[in-house]
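J.: Attaching a predicted model along with its sequence, questions to come.
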Amino acid sequence: MAGHDTGAGEALITVEDLRIAFGHGRRRTEVVHGVDLTLRAGECLAIVGESGSGKTVTGRTLAGLTGPCATVTARRLEFDGRDLTALSEREWRRVRGAELGLVLQDALVSLDPLRRVGEEIAESLANHGIGTRRDRPGRAVELLREVAVPEPEWRARQFPHQLSGGQRQRALIASAIAAQPRVLIADEPTTALDMTVQAQILELLAARKDSGTALLLISHDLSVVARLADRIAVMHGGRLVETGSAEQVLGAPTHPYTRRLLDAVPAARPGRRADATTAADDTVVLRAEGLTKTYQGPGGTATDALRDVSCTLHAGETLGIVGESGSGKSTLAQVVLGLLEPDSGSVTLLGRPWSGRSESARAPLRGRIQLVQQDPLSSFDPRWTVERIVAEALGGGGRRAARRHRARTAELLGLVGLEEELLDRRPRQLSGGQRQRVAIARALAPDPDVIVCDEPVSALDVSVQAQVLDVFAQVQERLGVALLFISHDLGAVRHVSDRVAVMRAGRIVESGPVERVFTRPEDPWTRQLLDALLWSGDASRRPADSSTALAGPSVPGRVS
């Protein structure tokens, strides 16, 4: 845990009684109420809280990006003694990037999709008059190398969509630090990244802090905060409800809201079936045998996404699939769902052939296997109401047909803990947790035997994660549906799974009962993954002992 005396220097950011409101007249709503904070050179201050707590708008305000519809007032809002409320937009452009850098959560959105990565970083240099036009491409490559992007000369010539999530995030950090700003604001910089890539990004940010950069970290992920923060400010309802050193806030919180956030961390809670040998019956609902899938990479090189992968899923059971980005998790999900054909091997669903068949031949079983994705908003028609979204899965996509299914749709919402009054709302009128519950209700509509959950909680606040994980558990216990739970979030996997399979480079390197794998991992790669699982409180309660010796050989490729 960070939290020790880092010898932080002078105050670079000073905020007193910051208030932020949106709208005008009667529609004016204040969302940040009287926030005070200080950020010093060489330290990391973390602002934590749930969605809607005000943490992101506070960070964007410090970067002059609150937006034209906002009203910002403060008794003091200063950067190195300069009054930020008095800056014009032209003056802000000189400050932003050169003295104050910003790293946002979604690098794929933040980076220009039509511009090569090296050009994006070179523009950051050009905007602040750093280097010459001839020198900047080389400096962009150097910056990519500094942030540990592999093969930086090649990556600089690629477009953002050609990079992995971790590589894009590192490229975004390279762009943000190009002008060597004294303050770096990182807003959810590791959300939706796997544990090993998270660790790399955190090491990169820690190195910036150690070099004297002041770091404002905005996150709902308490494990990230525990790794990096010297001080923590907890926001709730637009107010700071608790501040203090990382040790004090995470180890001995005083505010009930802070304690609630800590209690909701999945990794801190035991698996729901830790003491059970099995909670499922012997019926195999899904079987994969010897799956292999190869893609053609740059220059015609072959990349094995799946290499002789086998697994079985029993009725009423949850099988967790974990691994870093590029390990083959998503490819396995697509093959299991029948969206991608394997080069070799087979999949059977409910004892009947599933892979290698036409979609018309699969149609009678299509409703028996369903998908819950990471971002339901992208899979919902934004024009449709919740009623129509769920009713479509019942065979009622039109408005009139949806009305006929209203009672069943309301029943499905009840199963996932939502009120009937939400039926007439549209996706953007729902919170992230509500949208994910609607996605679960839609998946349950055809009465499936198997639900494939692909990163279903990685983008949610920690307390909302806990609620959604509990919904999965309750639905499974009531309906007996089997879950294939794919995630990089080891805490979530431990909480919901009966068994777990660890993937690396297209292979299953270890598998077994979830508590055995988490507490007595046999494969070195499993231990490395678990070492990256950082709990935000007492490190002794982490679910893996990285010093555990090899207990025996692992059997790649098969889960019994």
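T.: Structure's in. What do you need?
J.: which residue sits closest to residue 499 in space, ignoring its chain neighbours?
T.: Nearest non-adjacent residue to residue 499, counting by Cβ to Cβ, 6 or more residues apart in numbering: residue 319, 5.2 Å away. C-beta coordinates here come from the backbone N, C-alpha and C atoms, glycine included.
J.: my guess is the one you found contacts residue 333, does it?
T.: No. With contact defined as Cβ atoms under 8 Å, residue 319 does not reach residue 333; the gap is 11.8 Å.
J.: so where do the strands sit in the stretch 201-350 of the chain?
T.: For the stretch 201-350 of the chain, applying DSSP state E, counting those that start in this stretch gives strands covering 214-219, 231-236, 239-245, 284-296, 302-314, 318-322, 344-349.
J.: what residues does the last one touch?
T.: So that's strand 344-349. 285-292, 306, 308-310, 335-336, 338, 353-356, 365, 368-369, 449-450 (Cβ atoms under 8 Å, 6 or more residues apart in numbering).
J.: likewise the shortest one?
T.: In this structure, residues lying in contact with strand 318-322 by Cβ under 8 Å, 6+ apart are 311, 313, 329, 332-333, 472, 476, 482-488, 490, 493-494, 496-503, 514, 529, 559.
J.: Now, those residues that are in helices?
T.: 329, 332-333, 472, 476, 490, 493-494, 496, 514, 529 (DSSP state H).
J.: ok, back up a step: which neighbours do residue 319 and residue 333 share?
T.: Shared contacts of residue 319 and residue 333 (Cβ under 8 Å, 6+ apart): residue 484.
J.: which of the two has more neighbours?
T.: Neighbour tally, residue 319 and residue 333, criterion other Cβ atoms under 10 Å: the higher count belongs to residue 319, 24 against 20.
J.: so what pLDDT did that one get?
T.: Per-residue pLDDT puts residue 319 at 97.
J.: and residue 286, what is it in contact with?
T.: Contacts of residue 286 by Cβ under 8 Å, 6+ apart are 312-313, 336, 347-349, 369, 450, 482, 484.
J.: now those as TSV including distance to residue 443 and neighbour count?
T.: TSV is the format used below for the contacts of residue 286 (distance: Cβ to Cβ, whole Å; neighbours: other Cβ atoms under 10 Å):
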residue	distance to residue 443	neighbour count
312	21	17
313	16	26
336	14	27
347	19	23
348	21	16
349	15	23
369	10	25
450	10	20
482	12	24
484	12	27
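J.: List just the nearest of the residues you listed to residue 38.
T.: residue 484 (47.3 Å; Cβ to Cβ).
J.: check contacts around the closest one.
T.: Residues in contact with residue 484 (Cβ under 8 Å, 6+ apart) are 286, 313, 318-319, 321, 333, 336, 450-453.
J.: Now a PyMOL select for only the buried ones of the contacts of strand 344-349.
T.: Once 16 or more other Cβ atoms under 10 Å is used to decide burial, the buried members of those can be selected in PyMOL as follows:
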select buried, resi 285+286+287+288+289+291+292+306+308+309+310+335+336+338+354+355+365+368+369+449+450
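J.: circling back: the residue nearest to residue 499 pairs with what?
T.: For residue 319, the residues forming beta bridges with it (DSSP bridges) are residue 484, residue 499.
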